[in-house]
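> output the structure for:
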Amino acid sequence: MISVHTPLDGGLTSGEIGDVTAQAMWIDLLRPSPEEVATVEAATGIRIPPHEKMQEIEASSRLIRRGNAVVVTVPVLTGSGGSEPRNSAITFIFSGRQLVTVRYDTPHAFNAYLELLALGELSPTSAGEILLGLMEAVVDRIADVLEGLGMDLDAMSHRVFHQHTMDHKRRRASSRELESLLRSIGRDGDLSGKARETLLGMKRMVSFLPHGDTAPEVTAARLETIGHDVQSLAEYVDFLGNKISFLLDATLGMISIQQNQIIKLFTIMSVLFLPPTLVASWYGMNFRIMPELQWEYGYAYAIALAVAAALLPYWLFKRKGWM
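Residues are numbered from 1 along each chain as shown. Model (predicted):
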């Protein structure tokens, strides 16, 4: 009798759980209660790690062999389509005859695999096939996320380097646009880092799982294909990481250029107004004898001299290309 999925997150009593686990190939524990964990352990003889143990990051806690069972914990990317992507630890316990998964979240990959099972598009005949199917679903989801991330980075690269040079009415991006770019780059960097962590966990899982003569249920060729996919995605996420760093540096550089332009403008303005200020200070002196004091055109002369003193540095700066 084949039972590929047993929902234990509500609706089954402990007695019913015990009856089902004796024949099920895949037992999926979603936010299990202590009673459900105890019942599954008693029925299968498999020790379920507590949630706190699943959060540990050292390899000795994530890759464990217990007799014929292999216990692997992988941080799986969840919520990649939202504003707060996260990695949720999922434990795979594979004993050859049965697969037990323990999770406290529902990644998109799990939903996709369960939908295929419900539609009858998949007909696994062993726990090993289910395990490989889940691994493939996780890798496929990471590939989709990285594909979307790559397109998003291409769009941001266009915004940074091309959009404002093609727009003749506005040469520079506004501060709000640059701030929005920084936020987008930061989110993509966070998503890339979490995808990298998932791929690292999958890579460890591929190398740690028994296959071949030691585990006929896990097809060596299929597992090798998953390993190649994980390796190629890991290389691609490294490329995206470099691109994110480049875009971040470029955006920060443009912000720095914009700030330098503002400081440059204030510096030039202060220099332009310095000679007129000098002229005004001359004619503001309280000497009793001043040649232009009684001159009919003295006021106009002083104004013209101040304007000329401002225009001369302006002309000089333009000729030198300083502004």
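> which non-adjacent residue is nearest the spatially most central residue of the chain?
The chain has residue 191 as the residue nearest its centroid, 1.6 Å off, counting by Cα atoms, centre = their mean. Nearest non-adjacent residue to residue 191, counting by Cβ to Cβ, 6 or more residues apart in numbering: residue 85, 5.0 Å away. For the C-beta atoms, the positions are set from N, CA and C on the backbone; glycine is no exception.
> in terms of pLDDT, where does that neighbour sit?
For residue 85, the pLDDT comes out at 87.
> now do residue 215
Note for residue 215: predicted pLDDT of 53.
> ditto for residue 230
pLDDT at residue 230 comes out at 95.
> can you name every helix or strand that the host helix or strand of residue 299 contacts?
According to DSSP states H and E, residue 299 maps onto helix 298-320. With contacts taken as 3 or more Cβ pairs under 8 Å, 6 or more residues apart in numbering; DSSP states H and E, helix 298-320 sits against helix 220-282.
> and the pLDDT for the closest residue to residue 238 other than its chain neighbours?
The shortest distance from residue 238 to any non-neighbouring residue, by Cβ to Cβ, 6+ apart, is to residue 196 (7.9 Å). For residue 196, the pLDDT comes out at 94.
> what's next to stretch 88-106, contact-wise?
Here stretch 88-106 makes contact (Cβ atoms under 8 Å, 6 or more residues apart in numbering) with 24-32, 40, 44, 46, 48-49, 51, 54-55, 68-76, 78, 86, 107, 110, 127-128, 130-131, 134, 205, 209, 215, 217-218.
> one more time with 7 Å
Defining contact as Cβ atoms under 7 Å, 6 or more residues apart in numbering, one finds that stretch 88-106 is touched by 24-32, 40, 44, 46, 48-49, 51, 54-55, 68-76, 78, 107, 127, 130-131, 215, 217.
> state the mean pLDDT of that stretch.
89.
> quick one: buried residues of that stretch?
Residues 88-96, 98-103, 106 are the ones in stretch 88-106 that count as buried (16 or more other Cβ atoms under 10 Å).
> now intersect those with the strands, please.
Within the buried residues of stretch 88-106, residues falling in strands by DSSP state E are 88, 89, 90, 91, 92, 93, 94, 99, 100, 101, 102, 103.
> hang on, the earlier thing: which among the contacts of stretch 88-106 count as buried?
24-30, 32, 40, 44, 46, 48-49, 54, 69-76, 78, 107, 127, 130-131, 215, 217.
> any idea how far residue 269 is from residue 275?
As judged by Cβ to Cβ, to the nearest Å, residue 275 and residue 269 stand 13 Å apart.
> who has more neighbours, those two?
Applying other Cβ atoms under 10 Å to residue 275 and residue 269 shows that residue 275 carries more neighbours, namely 18 against 10.
> and that one, what's its pLDDT?
Confidence score, pLDDT, at residue 275: 83.
> relative to residue 314, how far out is it?
Distance, residue 275 to residue 314, using Cβ to Cβ: 10 Å.
> what does residue 224 give?
72 Å.
> contacts for the helix holding residue 299, please.
With contact meaning Cβ under 7 Å, 6+ apart, helix 298-320 is reached by 268, 271, 272, 273, 275, 276, 279, 280, 283, 292, 323.
> count the neighbours of the second one for me.
Residue 271 sits with 15 neighbouring residues when counted by other Cβ under 10 Å.
> before we move on, what SS does the residue nearest to the centre of the chain have?
helix (DSSP: H, G, I helix; E, B strand; the rest coil).
> how close does it sit to residue 321?
To residue 321, residue 191 is 43 Å away according to Cβ to Cβ.
> what is the neighbour count of residue 305?
Residue 305 has 18 neighbouring residues, counting by other Cβ under 10 Å.
> next: residue 35.
Applying other Cβ under 10 Å, we find 11 other residues in the vicinity of residue 35.
> next one, pLDDT for it please.
pLDDT for residue 35: 86.
> just residue 54 next, same as before
Residue 54 carries a pLDDT value of 83.
> give the contact list for residue 236.
The contact partners of residue 236, taken as Cβ under 7 Å, 6+ apart, are residue 146.
> hang on, the residue nearest to residue 238 in a strand?
No. Counting by three-state DSSP, residue 196 is not part of a strand but helix.
> quick check, it in contact with residue 240.
No. Using Cβ atoms under 7 Å, residue 196 is not in contact with residue 240; the gap is 9.1 Å.
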